[in-house]
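In: let's see this in three dimensions:
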Amino acid sequence: MEPLVSICTTTYQHRRYIRQTLDSFLSQKTDFPFEILVHDDCSSDGTVEILAEYARRYPDVVCPVFEKENQYSRGVPINETFNFPRARGKYIALCEGDDFWCDDGKLQAQADYMESHPDCTFCFTNGYIVEESQSFGPDGREPAREFVPYYESERPAYYGADHRYDLGEMAALSFVPTAGFFFPRALWEQVSEAYHHRMCEHGDLKMRLYFTALGSGEYLHRYACVYRENVPGSAFQVWKKENAVRTARRAASVVDMLDEVDEMTGGRYRAGLAPLRDRYLFVELWNTDEKHPAHQADLRRVRRQLPLKQKCVSAAKHLLPRRWIDALKRRGAKESKH
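Out: All right, here's what the predicted structure looks like:
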C-alpha cells in the first residue's frame, strides 16, 4: 500500500538527537501508512549507525540515504535534491534530524485538513523552542517558549487560533517551525523553474512563501513540534559565524527571492512583502559596502530612512578594516538572544 505521507528529514552529526526524532515519527497515530525518508550528509559521529539500525528494524518505513561527501557545504539543497524526488506520498511532512514532534496526532490532523481542503497549498503548526542541551518530555520540564511568534513585535500577525494565511500575512512571520511544514507533493512539481534554480540562503523561508503564493497557508493551532536552538552546525550557528560580506550576500539572495514571488503573484501582495524585503535590504546595507547592482536604488532609499545615529554608524563601519567589521558582527551575534 502506497504511503499517504512522506516524512522527509536531513541529518548531519545528529547522533545525540536522531533517536528521539525517529521515535517521534514512528509514534504517530494515523489511519494511513507513511514513509520516513532520511538523508544523512556524511556524518561521522555515529548517526549513520543509528539510522542503519532503524532501517533494519523498520525496513518498510525508514529509508535512509548515506552520502560519502558532504553536499550541504557544496551548496546543494538537500531535501529538494535527495528526498523530494524519491517521495511516494501524496503529502510531504518536514522535520530536521535535530528536531522532533511532540504531538502524536500531528500527521493525522494535517492530512485530514488537507484532504478536506484541496485548495490549501501549505499547512503548518506551532511548536516549542528549547536550548540544545535542554530536555523536553515526560520529566515535566517546560520548554523555553513558543515558536510563533518568533519575535514579540510580530504578535499582531499571529492569530493564536486556526487561520488561513495569505502570502502577505505569511511574510509578516519571520520564522515558523520547519518541523510543522506539510504540503502536497504535487505542489513541488508545479513551482517555477526559478524556485529550483534560484538560491535563497535563509532556511525554509523560500519554501513557505512560494507554496503559500500558489494558494494559501493554513495554520493549525497545535504545539506539535520542538525546535532545538543552538545546535552545533545548525543554520543559525553557521550564520552567526559567517563574515559580513557573506551575510550581505545571503540577505541579497532573500531580496531576489521576494522579488520573484512578487512577480509570480502579479504584485498582489507587494505591500505585505515590503516590510520583509526592507528588513533584508537593511541587513545587506549594514554588513557591506559591496552593493548588489540591482538593489542600488532600494538601498539608497533604505539608507535615507535610517535614523541619523544609524546612518553615522553604518557609514563609519564601512571605513573600518573588514576584519574589524567581522569581529563586531561575531560579538553582536554572541550577545544577541533569539
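In: buried set for the strand ranked longest in the chain?
Out: Criterion DSSP state E: the longest strand present in the chain is strand 217-229. Within strand 217-229, the residues that qualify as buried are 217-220, 222-229, counting by 16 or more other C-beta atoms under 10 Å. In short, each C-beta sits where N, CA and C put it, glycine included.
In: check those residues against residue 286 and report the nearest one.
Out: residue 229 (23.5 Å; C-beta to C-beta).
In: wait, the closest one sits on residue 128?
Out: No. The pair residue 229 and residue 128 fails to qualify as a contact (C-beta atoms under 8 Å) at a distance of 10.2 Å.
In: now, which of the buried residues of strand 217-229 sits nearest residue 111?
Out: Taking C-beta to C-beta as the measure, residue 111 lies nearest residue 220 of the buried residues of strand 217-229, at 11.1 Å.
In: show me the contacts for the closest one.
Out: Residue 220 makes contact with 109-110, 113, 123-125, 162 under the criterion C-beta atoms under 8 Å, 6 or more residues apart in numbering.
In: Provide a PyMOL selection command restricted to the buried entries of those.
Out: Buried residues among the contacts of residue 220 (16+ other C-beta under 10 Å), as a PyMOL selection:
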select buried, resi 109+110+123+124+125
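In: residues contacting residue 258?
Out: 171, 209, 273, 276-277, 280.
In: show me which pair in the residues you listed is furthest apart.
Out: Farthest apart among the contacts of residue 258 by C-beta to C-beta are 209 and 280. That separation is 12.5 Å.
In: how's the chain carved up into domains?
Out: As recorded under automatic domain parsing, the domains making up the chain are 5-231, 242-335.
In: least reliable of those domains by average pLDDT, please.
Out: Across the domains of the chain, the stretch with the lowest average pLDDT is domain 242-335; it has a mean of 81.
In: strands of the stretch 51-200 of the chain, residue ranges please.
Out: Applying DSSP state E, counting those that start in this stretch to the stretch 51-200 of the chain gives strands spanning 62-66, 91-94, 100-101, 122-131, 145-146, 163-165, 182-184.
In: chain center to the last one: distance?
Out: Computed by C-alpha atoms, centre = their mean, to the nearest Å, the separation of strand 182-184 from the middle of its chain amounts to 14 Å.
In: hey, where'd the helices end up in the chain?
Out: Remark: helices assigned in the chain by DSSP state H are 18-26, 47-57, 78, 106-116, 167-171, 185-190, 193-197, 205-213, 235-241, 244-264, 270-287, 296-305, 308-317, 322-335.
In: out of the ones you listed, flag the one nearest residue 94.
Out: Comparing the helices of the chain against residue 94 with C-beta to C-beta, the closest turns out to be helix 205-213 (8.4 Å).
In: residue 102 and residue 262: what is the separation?
Out: 36 Å (C-beta to C-beta, to the nearest Å).
In: may I have stretch 217-224 as PDB, with CA atoms only?
Out: Below are the C-alpha coordinates for stretch 217-224, written out as PDB (Å, rounded to 0.1, in the frame of the first residue of the first chain):
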ATOM      1  CA  GLY A 217      -1.200  28.600   4.100                       C
ATOM      2  CA  GLU A 218      -3.300  27.000   6.800                       C
ATOM      3  CA  TYR A 219      -2.100  27.400  10.400                       C
ATOM      4  CA  LEU A 220      -3.400  24.600  12.700                       C
ATOM      5  CA  HIS A 221      -3.200  25.700  16.300                       C
ATOM      6  CA  ARG A 222      -1.300  22.800  17.700                       C
ATOM      7  CA  TYR A 223       2.000  22.800  19.500                       C
ATOM      8  CA  ALA A 224       3.200  19.800  17.600                       C
END
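In: picking up where we left off before, out of the contacts of residue 258, flag the one nearest to residue 178.
Out: Set against residue 178, the nearest of the contacts of residue 258 by C-beta to C-beta is residue 209 (13.3 Å).
In: burial measure for the closest one, as a count.
Out: Using other C-beta atoms under 10 Å, residue 209 has 25 other residues around it.
In: so it sits right up against residue 166, yeah?
Out: No. In this structure, residue 209 is not within contact of residue 166 by C-beta under 8 Å, at 11.1 Å.
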